[in-house]
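In: Please work out how this folds:
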Amino acid sequence: MAHMDPLVAMARDVLDGNRYMVLGTTEDDGSPRVSPVYFTHHDYRDFYWVSSPDARHSRNVTARPPVSIVVFDSSVASADARAVYLTATAEQVPEDRLAEECPRAFARPGKGAQPFAPEELRGAEPLRLYRATVTAHAVHIRGSDPTYGEGIDSRREITMP
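Out: Here you go, the predicted structure:
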């Protein structure tokens with residue numbers, strides 16, 4: 001087995017070890033809006049969450065699909081901070097794709113996640129499935145990191161295999 005890039009390994013660990021992401025959308029007036037959402041992912045490329053289409057972040061996604069996402073563990077000391085930044089395009093999963101997407105979205109629910117069946121996310125039901133497809137991954141690099149640090153905290157783009 002080939003050795004995994006340590007930054008990719010760290011990104012996988014952060015994404016697998018946390019259940020909430022901060023979803024950054026854009027309001028009608030161009031201002032940013034951030035919302036914590038419970039998420040699952042498929043292959044570190046597709047990130048899923050369930051929400052009301054009436055929620056402001058859902059309306060923002062519908063109107064302006066480009067989003068930013070950060071996943072991090074807020075329980076650690078600052079010296080141990082690790083974060084993954086994602087640039088993505090988000091959308092409400094179309095009803096005719098739910099049968100295909102729900103198994104991917106809920107394959108690894110973990111930590112109290114409720115898996116949804118397609119019929120629970122369509123028609124008169126109040127919730128919908130959303131997906132953000134990642135176009136770029138980056139990780140947080142502490143300025144003091146002995147290998148990658150440059151004196152100030154920074155982001156480094158990585159390629160997820």
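In: Which neighbouring elements make contact with the longest strand along the chain?
Out: Counting by DSSP state E, the longest strand found in the chain is strand 128-141. Applying 3 or more Cβ pairs under 8 Å, 6 or more residues apart in numbering; DSSP states H and E, one finds that strand 128-141 contacts helix 6-17, strand 46-51, helix 56-63, strand 66-72, strand 83-92, helix 98-105, strand 154-158. All C-beta atoms are positioned from the backbone trio N, CA, C, and that covers glycine.
In: Give the buried residues for that strand.
Out: Residues of strand 128-141 classed as buried under the neighbour-count rule (16 or more other Cβ atoms under 10 Å) are 128, 129, 130, 131, 132, 134, 137, 138, 139, 140, 141.
In: Find the nearest non-adjacent residue to residue 42, please.
Out: Using Cβ to Cβ, 6 or more residues apart in numbering and skipping residues adjacent in sequence, the residue nearest residue 42 is residue 104, 4.3 Å away.
In: just to revisit the earlier point, in its sheet, which strands sit next to the longest strand of the chain, and in what direction?
Out: Note on strand 128-141: by DSSP bridges, its sheet partners are strand 46-51 (antiparallel), strand 83-92 (antiparallel), strand 154-158 (antiparallel).
In: Redo these as CSV? Include mean pLDDT.
Out: As requested, the strands paired with strand 128-141 are exported to CSV (pLDDT from 0 to 100):
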stretch, mean pLDDT
strand 46-51, 97
strand 83-92, 98
strand 154-158, 96
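In: looking at these, which is closest to residue 121?
Out: Taking Cβ to Cβ, strand 46-51 is the member of the strands paired with strand 128-141 nearest to residue 121, at 7.0 Å.
In: List of residues touching stretch 14-27?
Out: By Cβ atoms under 8 Å, 6 or more residues apart in numbering, the residues outside stretch 14-27 that reach it are 32-39, 41, 44, 47, 49, 56-57, 60-61, 64, 66-73, 82-84, 86, 90, 110-111, 113, 132, 139.
In: residues of that stretch that come out buried?
Out: Of the residues in stretch 14-27, 14, 15, 18, 21, 23, 24, 25, 26 count as buried by neighbour count, 16+ other Cβ under 10 Å.
In: how about low-confidence regions in the protein?
Out: Counting by pLDDT under 70, the chain shows low-confidence ranges at 1-2, 109-113.
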